[in-house]
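>>> Structure of the sequence below:
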Amino acid sequence: MYETQPFLLKGIPDDVPGSQKAKERGETRSLIQIIIIVVTATIAVALLAFSRYYYRSLERKKDEKEMQILDAMFSQDQSNNEENVNTDLPMMPLSTILKSTNNFSDKCKLGEGGFGTVYKGVLADGREIAVKRLSKTSVQGVEEFKNEVMLIAKLQHRNLVRLLACCIKQNEKLLIYEYLRNSSLDFQLRGTTLSNNESTDTVKGAQLDWKQRLNIINGIAKGLLYLHEDSRLRVIHRDLKASNILLDHEMNPKISDFGLARSFGGDQGEANTVRVVGTYGYMAPEYVIEGLFSIKSDVFSFGVLLLEIISGQRNNKKFYLSERGQSLLTYAWNLWSEGKGLELVDPLIENSYVPSEVLKCIQIGLLCVQDNAADRPTMSSVVHMLGSDNVTLPSPICPSFSVVRTTSTIERGTSSNASTSVTVNELTLSEVMPR
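Numbering: from 1, shown residues only. Have a look, this model is predicted:
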């Protein structure tokens, strides 16, 4: 009894080995968890690093492929294939461009768009240049860049902007043009809006008189005629608009921006596309609805441009939603058909215009914007009509189609008050009937 008392008093330590095992199991689990966390983190980091490397490798291969395509354009040992003709276009060093634009300073910026930004540069000898710099995220990729260089390098006309050089270096794609100090026709007609934190100001261009406007109309017409019929390539511009008409020091017009242009050989005169590109207000109906473009698509754009030059107005949403409730094209036709065509004239030229010339230009503009492409004149006919005082002009019918942007839609006029929508290349087309 005495011998067992100490054990009874102290208790039997049966749980001591079990507690130690539990502790060891806990330490083992913690160690396993730490290993899992470390391994998972290592794998995640490795995958992230591999993904980054793979992405950069793809980007590098893409850049190398683009550069190979572009380098081939300027190689000195080309075949006679039309797509690989050596353009003999000078390559300007990137260092020269950086110096001339003060490293692409904002102070040198002339404008920007979907393709990137245009800068003014001054070379060491004092010559002024315009540098078109494609952004890394530009919608104008290597094909459009190649297209513009190949086309404009082969085209020479006093009413086309002149490409001086090109630069392809360090992932930069740059086009160097002659600098035209009077900016664009759009600026000269309507000015531009400058905004800051406190106010919004409109900077006006020169007040173009009627003689200057008529000279611009004639120059654009001759430039288009050259593209359509007189150059060794048949070229359709596809984006003719006021902001793509640049003006030199004497206000002579020069057609610019050939990134969307298409060229044809032989007797081919039209084509289809699944990618409808262009600018609201200037696109022809067959192009918007069917993706069909031809020289008559450019004629339609020219007609819109002609009416804008006369009126000083844009064929856009603001005009459509004004108290007139109709497009510039329909508004112009209504005035012309009622014998009130001179009411379309921009008030800024009311003291300088010649009534007979204005009325003739309005009628030519309306002929150019006919709904049916076959009813539109060719540019050779337009140039003849503009230059002749004795020609009898056909009577246009009311243009029922007008493309204006209204909350991400394209509106098309027809002949009733119904409204339907269709989708072409991810663009919503709303058919809205005019009054």
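>>> now the helices for the stretch 301-435 of the chain?
317-320, 328-337, 355-368, 379-387 (DSSP state H, counting those that start in this stretch).
>>> Likewise for the stretch 101-250 of the chain?
Under the criterion DSSP H, counting those that start in this stretch, the stretch 101-250 of the chain contains helices at 142-154, 185-190, 210-225.
>>> where are the low-confidence patches of the chain?
The model of the chain has pLDDT under 70 over residues 1-19, 21, 23, 59-88, 113-114, 137-143, 192-206, 265-276, 320-324, 401-435.
>>> one more time with 50
Low-confidence regions of the chain, defined here as pLDDT under 50, cover residues 1, 9, 73-86, 193-197, 199-201, 405-435.
>>> So what are the structural domains in it, by residue number?
94-178, 185-432 (automatic domain parsing).
>>> Need the ones you listed in TSV (columns: distance to Ile36 and mean neighbour count).
Any C-beta I mention is one placed from the backbone N, CA and C, and that applies to glycine too. What follows is the domains of the chain, written out as TSV (distance: least, C-beta to C-beta, whole Å; neighbours: other C-beta atoms under 10 Å):
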stretch	distance to Ile36	mean neighbour count
domain 94-178	41	17
domain 185-432	47	18
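>>> Show me the one of the ones you listed that comes nearest Gln33.
domain 94-178 (44.2 Å; C-beta to C-beta).
>>> so how far is the closest one from its chain's centroid?
Distance, stretch centre to chain centre, for domain 94-178: 15 Å (C-alpha atoms, centre = their mean, to the nearest Å).
>>> Stretch 26-37 too?
Distance, centroid of stretch 26-37 to centroid of chain: 59 Å (C-alpha atoms, centre = their mean).
>>> Take it, keep the C-alpha atoms, and write them as CSV.
Only the C-alpha atoms of stretch 26-37 are listed here, as CSV (Å, rounded to 0.1, in the frame of the first residue of the first chain):
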residue,chain,number,x,y,z
GLY,A,26,1.7,19.5,-35.5
GLU,A,27,5.2,20.5,-36.4
THR,A,28,5.2,18.1,-39.3
ARG,A,29,1.9,19.7,-40.6
SER,A,30,3.3,23.2,-40.3
LEU,A,31,6.4,22.2,-42.1
ILE,A,32,4.3,20.6,-44.9
GLN,A,33,2.2,23.8,-45.2
ILE,A,34,5.3,25.9,-45.4
ILE,A,35,6.7,23.7,-48.1
ILE,A,36,3.5,23.8,-50.1
ILE,A,37,3.3,27.6,-49.8
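>>> before we move on, the earlier item: could I get the domains of the chain as CSV with distance to Glu27?
CSV is the format used below for the domains of the chain (distance: least, C-beta to C-beta, whole Å):
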stretch, distance to Glu27
domain 94-178, 54
domain 185-432, 61
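>>> re earlier: out of the helices of the stretch 301-435 of the chain, nearest to Ile168?
The nearest among the helices of the stretch 301-435 of the chain, by C-beta to C-beta, is helix 379-387 at 33.8 Å.
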